[in-house]
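>>> 3D model of this:
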Amino acid sequence: MSRKTQKASIVAIAATLAIGLISAQGSGANAQQGENQEISGMEADAETVPVFVSEEVVQDLPPVAEPVEEPVAEAPLADASSLQELIAVTPTDGTLSPEMECLAGAIYFESRGEPLAGQLAVGRVIVNRAESDDFPSSYCGVVYQRKQFSFVRGGRMPAIPRSSAAWHRAKAIAQIAHHELWDSEAKDSLYFHARYVRPAWSKRKVARATISTHIFYR
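Here you go, the predicted structure:
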């Protein structure tokens, strides 16, 4: 074989090897890219395919919202220097609940002609009775208990002149007594009667205060 022929053969072989090497590298890159795509596809499938377990799974429930209580309308805690001033700043325009209506009604019918301290004392007796185990547990229950208040006739309260100043005052005093916004001379009294009568039960009670025409007892 001539030298020229040998050189040509060497060049041909080298070219063949170079082409094969380039083809091999290209195939490897494509294979690597395809492999990565396959792995990515598997990861995507793994995210969407549910996995079932044999153990019991306990899922925390969302917190249950607590029931929202309606706000209770209270009389203002005014920095009053006297009971009269406190009554003057206590709102009376709103509608009373049935319980507060009973309390205010008892104050009105039992003591509307009494001094303010006497009207508050009557209100405190109603409140004290409702808090005592010896009497009904509501203001209406106390007021309508049989043979307790003379203004109750046939289990009913007489009509109230609702535009009168005495009724508005009774509504204010009822709120003050209910929320204990002012100390009463009657304190923890559960009974009272007019000074011009002397019921038999009064001998067995302890007198707490005498305010105008009423005597209050525990």
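>>> okay, CA-based contacts and neighbour counts for the rest of this
Noted.
>>> name the SS class of residue 175, please.
helix (DSSP: H, G, I helix; E, B strand; the rest coil).
>>> care to break the chain down by domain?
1-46, 93-186 (automatic domain parsing).
>>> in terms of mean pLDDT, which of those domains ranks lowest?
With a mean of 44, domain 1-46 has the lowest mean pLDDT of the domains of the chain.
>>> contacting residues around stretch 172-191?
74-75, 77, 83, 87, 90-92, 100, 103-104, 107, 117, 119-121, 123-129, 208-209, 216-218 (C-alpha atoms under 8 Å, 6 or more residues apart in numbering).
>>> do stretch 110-129 as well
83-84, 103-104, 106-108, 135-137, 139, 142-143, 151, 166, 170, 173-174, 176-178, 184-192, 211-214.
>>> ok, back up a step: pull out the buried members of the contacts of stretch 172-191.
Among the contacts of stretch 172-191, those buried by neighbour count (16 or more other C-alpha atoms under 10 Å) are 75, 83, 87, 90-92, 100, 103-104, 107, 117, 119-121, 123-129, 208-209, 216-218.
>>> tell me which of the residues you listed fall in helices.
Of the buried ones among the contacts of stretch 172-191, the ones assigned to helices by DSSP state H are 83, 87, 100, 103-104, 107, 117, 119-121, 123-129.
>>> so which residues of this protein form helices?
Using DSSP H, helices in the chain cover 3-48, 83-89, 98-111, 116-131, 139-143, 165-178.
>>> what helices or strands is the shortest one leaning on?
Translated: helix 139-143. Other helices and strands packing on helix 139-143, by 3 or more C-alpha pairs under 8 Å, 6 or more residues apart in numbering; DSSP states H and E, are helix 98-111, helix 116-131.
>>> out of those helices, which gets nearest to residue 157?
helix 98-111 (7.7 Å; C-alpha to C-alpha).
>>> residues of that closest one that come out buried?
Judged by neighbour count using 16+ other C-alpha under 10 Å, the buried positions of helix 98-111 are 100-111.
>>> from those residues, pick the one nearest residue 204.
Nearest to residue 204 among the buried residues of helix 98-111, with distances taken as C-alpha to C-alpha, is residue 110, at 22.8 Å.
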